[in-house]
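Asks: Predicted coordinates and the sequence they were generated for:
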Amino acid sequence: MMHLLVILTCCLWIGVEALHAEETVEDHALEAKHEKQATERPQRYQDFIKGLSTCKIAIVKVEGMVCDYCARGIEKSFKKDVKYKKMKINLKESEVMIAYASDKDIKFDVIKQHFKKNGQTATHLDVVELK
């Protein structure tokens, strides 16, 4: 009976170690992806914020945004907001940067609705505040 307990304990330990190894590989892949984005985004971001001050930047990842027609529909939808300042759409990276007045309360649900009306899906939002 004791041998069975030792064998089960070893199997459990090996299973946990295997799961940990898989998580570590996935974590490293995710970290590499974020590092790549961090090194690529700054130039696009720096170009976008030129001339802007005291505002909030919404950086939105979007699925289903594939053509210039999509981009124009998105611009038209967001320009109706009185707090809107500027927008940059990057079809290749499926990313949209939107500058708003600093007092704008940016809500992901509202942004999702703008994209949904145009047939796209907003999947991620980062908000950066320029002071």
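Replies: Everything's here; your move. Numbering: from 1, shown residues only.

Asks: Going by C-alpha atoms from here, please, whenever you check contacts or count neighbours.
Replies: OK.

Asks: Got phi/psi on residue 95?
Replies: phi -130, psi 140 (degrees, to the nearest 10).

Asks: so what's it closest to, chain neighbours aside?
Replies: In this structure, residue 95 finds its nearest non-sequential neighbour in residue 61, 4.7 Å apart by C-alpha to C-alpha, 6 or more residues apart in numbering.

Asks: any residues touching the strand or helix carrying the one you found, and which ones?
Replies: Per DSSP states H and E, residue 61 falls inside strand 55-63. With C-alpha atoms under 8 Å, 6 or more residues apart in numbering as the test, strand 55-63 has contacts from 94-104, 106, 120-131.

Asks: With stretch 44-52 instead?
Replies: Outside stretch 44-52, the residues that reach it (C-alpha under 8 Å, 6+ apart) are 88, 97.

Asks: Give me the buried positions along that stretch.
Replies: The neighbour-count check on stretch 44-52 (16 or more other C-alpha atoms under 10 Å) flags 48, 49, 52 as buried.

Asks: can you check stretch 109-120 too?
Replies: Result for stretch 109-120 [16+ other C-alpha under 10 Å]: buried residues 111, 112, 114, 115, 118, 120.
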